[in-house]
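K.L.:
Sharing a model that was predicted from the sequence below.
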Amino acid sequence: MKRVRCLWVIGWLCLPLIALARPDAPAPQVLVPAQQQWLDTHRSLRVGLVLQAPYAQFDRRLQQFYGLNADLVGALAKILRLDLTWRGFADEAALEHALVAGEIDFAPGLVQTPASLRTWLFSDPYMRVPQLLVGPRSGALTVDLEALGAGERVALRMPSKLADYLRGNYANLNLQGVPSEREALQLVLGGQAALAVLDEAQLSRLSRESEFGDLAVVGDIGLPQLLRIGSRRDWPVLAEVLERGLQALPAKELEQMHQRWLQPRSPRFSESAGFWQNLALLLGLSLLCALLTLTWQRRQQRGLERGLLAARESLAERQVREEALRLSQFSIDQSTVGIFWVNWDSHVRYANPAAERMLGFAEGALLDRPLADIEPTLDMDRWLQLWRRARSGEGDLRFDSQCRRADGSLLPVELSLSFLRFRDAEYLVLFLTDVTERQRALAALRESEARLKGIAGNVPGLVFRLERDPAEGDPEFPYISEGSEALVGYTPAAIQHPQMGLRNLVHPEDRADYHRVQDLALASDRDWSWQGRILTRDGEQRWADIKATTRRLGDGRMVWDGVVWDITQGKQSELALATSQEQLRELSAHLESVREEEKARIAREVHDELGQMLTVLKLEVSMCELAYAELDDGLNERLASMKRLIAQLFQQVRDVATALRPPILDAGIASAIEWQARRFEARTGIPCLVQVPEHLSPLSDARATGLFRILQEALTNVMRHARAHTVQIDLLSEDGLLRMTIIDDGGGFCVDETRPTSFGLVGVRERVLMLGGSMTLDSEPGEGTSLSVAIPLA
């Protein structure tokens, strides 16, 4: 028997050596004859590499390429016996340019895209490069992207297709773009980002640095890069040859390339040479020894197991019962509810500490007492009746009562009865709950409700509560104050009817607006207010102001507490005031129109009458000058002085006529604006830029005059107060409106400040309102002023 065991041990030890000594299998035939024939005529091929670590780099000292793609092409060259010429390129754009120029034949490490299919013939993927989530080594082992919050930043290189993918599939992510993968990892180390996203190749390159030793991979986002070999489209046989070469590459060799160049580096004992062979031998020996030891132990344990199994089961069952009993007793003793076990004869057999504290008895003093000593209303007849009902399971035995304490005082409690069978005995379990605080709270609530009703009844209006019907979702009024009869003539019960409510009190012409305001508030759970007309029971029309504030109840329901105020007198006064203001505005417009007409008439009379008289006077002086100037030199000087005075009087007459009504208004408002701007420039020396349309619809005389007066007032304010350097005037016709805008770059002012002694802007605003238009004033201290006036063309 010992010899057999020795042979088994020797056999197990020799198995790894036999496996290592197995001769290599002959290399299989890679290419079909046609492909081999093509390759024999094109043995020298040109390969292009994109110089990007760890895929490909150039060693200037050794003058050779190294990296994942360089190893892969070297393995293909060994299998296919290729004679290669190597070229390196800075990026894929330079690589594609070299392919189009015919400088290379194929290139490894490419990613297939719809655009690149027009340039390359691609092989099947030979390497999968996943996109990894990297976080602190001390953090979570795995991370779910969908569980990340908005406060956790994820750093990655932007712009990139990976960033577009994450934005499209994970809208919850807080992405932070960085120029490079190194900066993304540095943000994670510095605590400015929770995670970083980069591909496995870049992580393998950066993980070799000690700076990033505290980072670890915590997830894969599921968007891997599939590396392929791209070849010339005009050589399809080359693509087939390369595909066959990739298929001939052993999967183990590809895995070794992946581990060497792409797998993130961390110190692992498993990477030592011969580790797995030695581990297999050790495990084999350990397994053999464990089997022998286990066989011997089994024989020794079977006898003990049979004896212990029965004892263990019995002990476990007893422990479960004792544990359940202890938990039950602990729950009863520590309960805040008083508990009695009472026999059929109404004597107490058990009382927990809570019951003794509640009634003020010493420990054990309640045992064997008749229940009537504690609850006087439970005499024997009533007790037996409750016993029968509880034993038969009839209904819910719960009621309020009063128990007598040890000092004779009464304690309000809630009694609940339940039937119990325990150890062949029957008991009625009484649960006592102290309801003193509950009764106080109910009393306070009733008092508060009564106080609220008293206050609401004395409010000069209608107080209401609005909430949604839990079943149908329609609004209902659980409370309407007594003030409803004084306000609208309806009782609270009538308004609370589902077919009534406040909606039916609203005037039919205002009902749509009321429905819109209330429905919007109910839909968005917001406060709401509304003013409009309501109708009383007698048909009288009143103005009401309704305000309601929202409040969330303890069960999550939303209610609105509101008041309906009678504002009829105030509203009537407001309407009367508005009517009076409108009448005053119409009167002012009429007076302004009359004044402008009178100015025009006076301007014509001054121009015509005084002009004619001054012309005649000038002719008379000229005739005197011709007749008598040579006779007396003093007379000649006086006549010349009179002619100068007449010329000045002519100019003053023209200025007066122009001030009353400029004749340029007859040429149109655009010409008048340009004329006024030139006069402003001449008077103040401030440059004035004017922009007016070439073709403008004709305006009525009143509108043209009003717009011109507004311009005069605005330029006067600029001259007096603005301290401006330039002024811009724009006239624009749009959407049936004529808009005039005056902008200056002066000191500006605060629009909200009141200026009691300034009537210029008040006059401008009134003129605009009389013309049926609108005015916009925008100004800030130190930022200049903009005045925009828009009046309808029609």
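P.N.:
Thanks, I have it.
K.L.:
contacting residues around Glu317?
P.N.:
By Cβ atoms under 8 Å, 6 or more residues apart in numbering, the contact list for Glu317 is empty. In short, each C-beta sits where N, CA and C put it, glycine included.
K.L.:
Ok, Pro125 next?
P.N.:
Pro125 neighbours (Cβ under 8 Å, 6+ apart): 226-228.
K.L.:
same check, this time on Glu414
P.N.:
With Cβ under 8 Å, 6+ apart, Glu414 has these contacts: 398-401, 432-433, 435.
K.L.:
who wins for most neighbours among those?
P.N.:
Leu432 (24 neighbours; other Cβ atoms under 10 Å).
K.L.:
Among the contacts of Pro125, name the ones in helices.
P.N.:
Counting by DSSP state H, no part of the contacts of Pro125 is found in helices.
K.L.:
Can you tell me which of the residues you listed are buried?
P.N.:
227-228 (16 or more other Cβ atoms under 10 Å).
K.L.:
Sitting in strands, which of the contacts of Pro125 do you find?
P.N.:
226-228 (DSSP state E).
K.L.:
residue ranges of the strands in the stretch 51-200 of the chain, please?
P.N.:
57-59, 64-66, 83-89, 106-111, 120-122, 127-129, 131-136, 153-157, 174-178, 195-199 (DSSP state E, counting those that start in this stretch).
K.L.:
which helices and strands sit right next to the first one?
P.N.:
The one in question is strand 57-59. strand 64-66 (3 or more Cβ pairs under 8 Å, 6 or more residues apart in numbering; DSSP states H and E).
K.L.:
List the buried residues of the strand it packs on.
P.N.:
65-66.
K.L.:
Out of the contacts of Glu414, which comes closest to Ala93?
P.N.:
Thr433 (82.2 Å; Cβ to Cβ).
K.L.:
Arg153: neighbour count?
P.N.:
The local packing of Arg153 (other Cβ under 10 Å) involves 18 other residues.
K.L.:
Quick check: it touching Gln176?
P.N.:
Yes: assessed by Cβ atoms under 8 Å, Arg153 is found in contact with Gln176 at 4.8 Å.
K.L.:
In TSV: the strands of the stretch 51-200 of the chain, plus distance to Arg232.
P.N.:
Output for these, formatted as TSV (distance: least, Cβ to Cβ, whole Å):
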stretch	distance to Arg232
strand 57-59	23
strand 64-66	20
strand 83-89	14
strand 106-111	7
strand 120-122	7
strand 127-129	21
strand 131-136	30
strand 153-157	31
strand 174-178	37
strand 195-199	27
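K.L.:
so which of the ones you listed comes closest to Asp525?
P.N.:
With Cβ to Cβ as the yardstick, what comes closest out of those is strand 174-178 (29.3 Å).
K.L.:
before we move on, back to that, touching both of Arg153 and Gln176, which residues are there?
P.N.:
Joint contacts of Arg153 and Gln176 (Cβ under 8 Å, 6+ apart) are 187, 192-193.
K.L.:
In PyMOL, how would I select the buried members of those?
P.N.:
Under the burial definition 16+ other Cβ under 10 Å, those of the shared contacts of Arg153 and Gln176 that qualify are selected in PyMOL by:
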select buried, resi 187+193
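K.L.:
For the chain, name the helix or strand with the lowest mean pLDDT.
P.N.:
Sorting the helices and strands of the chain by mean pLDDT, DSSP states H and E puts helix 2-20 at the bottom, at a mean of 53.
K.L.:
Run through the neighbouring helices and strands of the next helix or strand after that one.
P.N.:
Reading on from helix 2-20 to the C-terminus, the next helix or strand found by DSSP states H and E is helix 33-41. When contacts are defined as 3+ Cβ pairs under 8 Å, 6+ apart, helix 33-41 packs onto helix 236-248.
K.L.:
Show me the shaky parts of the stretch 1-150 of the chain.
P.N.:
The stretch 1-150 of the chain contains residues with pLDDT under 70 at 1-29, 140-141.
K.L.:
rerun at 50
P.N.:
4, 17, 19-27 (pLDDT under 50).
K.L.:
Of the contacts of Pro125, which one scores lowest on pLDDT?
P.N.:
Within these, Leu226 has the lowest pLDDT, namely 88.
K.L.:
Hmm, Gln131 and that residue touching each other?
P.N.:
No: assessed by Cβ under 8 Å, Leu226 is found out of contact with Gln131, at 11.9 Å.
K.L.:
The closest residue to Gln35 other than its chain neighbours: neighbouring residues, count only.
P.N.:
Of all residues not flanking Gln35 in the chain, Val241 sits nearest, at 5.2 Å (Cβ to Cβ, 6 or more residues apart in numbering). For Val241, the neighbour count with other Cβ under 10 Å is 25.
K.L.:
average pLDDT across stretch 647-666?
P.N.:
For stretch 647-666, the per-residue pLDDT averages 69.
K.L.:
Please state the offset of stretch 559-576 from the chain centre?
P.N.:
Relative to the centre of its chain, stretch 559-576 is centred 39 Å away, using Cα atoms, centre = their mean, to the nearest Å.
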